[in-house]
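Asks: My questions are about this predicted structure, shown below with the sequence.
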Amino acid sequence: MSDEPIPAGPPPVAGRPVRAVLLDLDGVLVDSIAVAREAFAHAYAEVVGAGAAPVDEYCRYPGHHLPEVLRMMGLPAAMAEPFVRESHRLAHRVSPVPGVPSILDALRRRGARLAVVTGRSGVRARTLLAGLGLLGGFDQVIGADEVARPKPAPDIVLRALSLLRVDPAEAVLVGDAVSDIASARGAGVTAAAALWGESDRDTLLAAEPDVVLTSPVDILGLCPAGTADDTRADAHRR
C-alpha cells in the first residue's frame, strides 16, 4: 500500500454549488460485501458444482452489473438467479455504513438532490433501501438494468441528471470503484472516490478521481451548508 498522502477533498466545483449528490450503493451507503461473497459462493455451488468458488476474483469487480461480471469471469449467466435469491434471503444482514443515515439527512436539509446509481438492478436496490428505511430519502434510485449500458459507461449518471434536472457541473458522484470514476467522468460530473468502500485504495487513486473522501462524513464537504439551499432559493425568486 502506498504511503503517499491522500489528496484533500474541498468543495469540488469552483463557482458552482453542488445541487445533486449521486451515490453508489454497495460499499458506499451499505455494508454488503459479506452477503455478496456468500451469495456468490452459493450460486457457484448450485450452478457450477463442486470446487472452490472464485469469490476473491468476483470481488475485483466492484460497481459492475452482475451479468457483466459473470461474462467477464467466463461463468454461466444462470448464476445470476440463485445469487439474487440468496442475496434476498440474507438481506437482513446488510446494514447502512455507520453515519450514513444522518449524513443523508444533513444533505437533504442543505437542499441537495440525492440519487442512488448502482450496479444492482433497480428492484434489488429499492427493496434493500426500503428494508433499511432509507428509500424515502432519495429523489431517484436507478439500477444498472434500467439504462442501456451499465457503469463504467456514463448512461446511469446521465439518466440521474435528467431525472433530477441538474446540470453535470452541479453534480458529484460518490463511488468506491474505478467504474464509478469512469462513469462520472464520461457524464461530466465531479468524481469523488470513497476510500471506505470495497476497492483497493491504490487502485482507486490510480483512476485519478477529482476528490478523495476518506470517511462518509467527508461527503458533507461536497455540499456545504447554504449552497444548495441558496441555489434553490435564487431559482424560486427568478
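Replies: That came through, no problem.

Asks: Which elements pack onto the helix or strand where residue 84 lies?
Replies: According to DSSP states H and E, residue 84 maps onto helix 80-89. Helix 80-89 is packed against helix 33-47, helix 66-73, helix 122-131, with contacts defined by 3 or more CB pairs under 8 Å, 6 or more residues apart in numbering; DSSP states H and E. To be clear about C-beta, it is placed using only N, CA and C from the backbone, and glycine gets the same treatment.

Asks: What are the contacting residues of stretch 84-100?
Replies: For stretch 84-100, the external contacting residues (CB atoms under 8 Å, 6 or more residues apart in numbering) are 27-32, 34-36, 38-39, 42-43, 66, 121, 124, 127-128, 131-132, 134, 196, 215-217.

Asks: repeat that for 6 Å
Replies: For stretch 84-100, contacts defined as CB atoms under 6 Å, 6 or more residues apart in numbering pick out 29, 30, 31, 32, 35, 39, 42, 131, 132, 216, 217.

Asks: how about the helices of this protein, start to end?
Replies: Assigned by DSSP state H, the helices in the chain fall at 33-47, 55-58, 66-73, 80-89, 100-109, 122-131, 155-164, 178-187, 201-206, 227-237.

Asks: Using a markdown table, lay out those together with mean pLDDT.
Replies: Output for those, formatted as a markdown table (pLDDT from 0 to 100):
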| stretch | mean pLDDT |
| --- | --- |
| helix 33-47 | 96 |
| helix 55-58 | 95 |
| helix 66-73 | 95 |
| helix 80-89 | 96 |
| helix 100-109 | 96 |
| helix 122-131 | 96 |
| helix 155-164 | 98 |
| helix 178-187 | 96 |
| helix 201-206 | 93 |
| helix 227-237 | 43 |
